[in-house]
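[1] whatever this is, show me its structure:
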Amino acid sequence: MKRFFRTPKGILTLILTALALIASPHEGFQRVMPELLSAIAAAGVLDLVILRVRHGGWEFPSGAVLTAMIVAMVLTPYGAWWVPAVTSAVAVASKYVLRYRAANIFNPAALVLAYHAFSSGESWWGALPELPLWGVAVLSALGIFMADRVNKLPAVVAFLFAYYALFTLMAFIGDPQPVAEIFRSPDLQAALYFAFFML
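    The predicted structure is shown next:
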């Protein structure tokens, strides 16, 4: 276990757990925990079985746990508990279908499926959008640490620069009113969460 929590997947598991614990009191433990735990259980059990069949041994489904945590922390906690579970299971199954060379591609399309199939909304509660400014500081500090740890900081900076530069340009070209929302909560936190932990 000690060795696992020194790996990038282990560190990300700890970071997402910390974000969930920070966000949960505001969102309500009784609201977010059933969805978070059902997503982890569904994705974890599915991946555990697939890994057993594919590799012939039992392996901890760390990728599935991370996928489930991200899915649950993006979807609204005000929906049915089983929506994040089904969405996470679809995301895990899709990683065995949608592959590039030896690497799997996390399929954010599973979140689109949740929206259309279950009329589920997204709140990005795991990105701490309901907290004051210190929430952005915590999210950014953890995100920078994680991105630096996996040598993805240049990709994160490039994405955020292009993202905000294009919206700034749109504000100068057209009506700035709708574009202004991108620079405020919850869109700001969602962009940071996406860049640091999903990109």
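
[2] next up, the contacts around Leu128.
    By CB atoms under 8 Å, 6 or more residues apart in numbering, the residues touching Leu128 are Leu19, Ile22, Ala23, Gly135, Val136, Val138, Leu139, Gln189. (Each C-beta comes from the backbone N, C-alpha and C, glycine too.)

[3] in space, what's closest to it - neighbours in sequence excluded?
    Gly135 (3.6 Å; CB to CB, 6 or more residues apart in numbering).

[4] which residues touch the one you found?
    Ile22, Leu128, Pro129, Gln189.

[5] contact partners for the spatially most distant residue from the centre of the chain?
    No residue in the chain sits farther from the centre than Ile173, which is 32.0 Å out by CA atoms, centre = their mean. For Ile173, the contact set (CB under 8 Å, 6+ apart) is empty.

[6] distance check, it against Leu166.
    When distance is defined by CB to CB, to the nearest Å, Ile173 is 10 Å away from Leu166.

[7] packing partners of the helix or strand that contains Val65?
    In the assignment (DSSP states H and E), Val65 maps to helix 62-74. In this structure, helix 62-74 makes packing contacts with helix 8-27, helix 29-55, helix 82-97, helix 109-118, judged by 3 or more CB pairs under 8 Å, 6 or more residues apart in numbering; DSSP states H and E.

[8] okay, the angle between the longest one and helix 62-74?
    With axes from the mean of the first three to the mean of the last three CA atoms, to 10 degrees defining the directions, helix 29-55 sits at 150 degrees from helix 62-74.

[9] shaky segments in this structure?
    Within the chain, the ranges that satisfy pLDDT under 70 run 102-113, 116.

[10] follow-up on the earlier one: quick one: the helix holding Val65 to chain centroid distance?
    How far helix 62-74 lies from its chain's middle: 6 Å, per CA atoms, centre = their mean, to the nearest Å.

[11] now stretch 51-71
    16 Å.

[12] how far does that stretch stretch from start to finish?
    One end of stretch 51-71 to the other measures 21 Å (CA to CA, to the nearest Å).
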